[in-house]
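Colleague: Model the following, please.
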Amino acid sequence: MSTLITEGAPLRPGTLAFRTRSARFNVTKVDDVIGADSGANYATYSILSDFPRPPTLVGHVILPCSTHSLTSCEFIVLARTDDIEGLYDEDALGK
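Modeller: All right, here's what the predicted structure looks like:
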């Protein structure tokens, strides 16, 4: 875990400080997206977890087409849910 500011450090007015978690996942371009615009500057990529083996699909993300397929990206938590059914695939990801 890395810290960008020191606890109790003076901050400029309007500065937002928050805590989050991050994780690194591999992403690979999805070629068979229904309705995808082949002329767009963006594409859909699969997010793959290395654990458990073999790599497991954990979601999708839209990224610029210039992103190399298979690359590693760091994702941060913006929001999360606690025990609300149906918000993610429990069959694939567990509880």
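Colleague: going forward, measure contacts between C-alpha atoms and count neighbours the same way
Modeller: Will do.
Colleague: Tell me the helix or strand right after the one helix or strand Leu63 maps to.
Modeller: Using DSSP states H and E, Leu63 maps to strand 56-64. Per DSSP H and E, strand 56-64 leads on to strand 71-76 as the next helix or strand towards the C-terminus.
Colleague: How about that following strand, which residues are buried there?
Modeller: Judged by neighbour count (16 or more other C-alpha atoms under 10 Å), strand 71-76 contains no buried residues.
Colleague: Quick one: list the elements packing against that strand.
Modeller: With contacts defined as 3 or more C-alpha pairs under 8 Å, 6 or more residues apart in numbering; DSSP states H and E, the packing partners of strand 71-76 are strand 22-29.
Colleague: List the buried residues of the strand it packs on.
Modeller: Residues of strand 22-29 classed as buried by neighbour count (16+ other C-alpha under 10 Å): Phe25, Asn26, Val27, Thr28, Lys29.
Colleague: Looking at the residues you listed, which is nearest Arg12?
Modeller: Closest approach to Arg12 among the buried residues of strand 22-29 (C-alpha to C-alpha): Phe25, at 33.5 Å.
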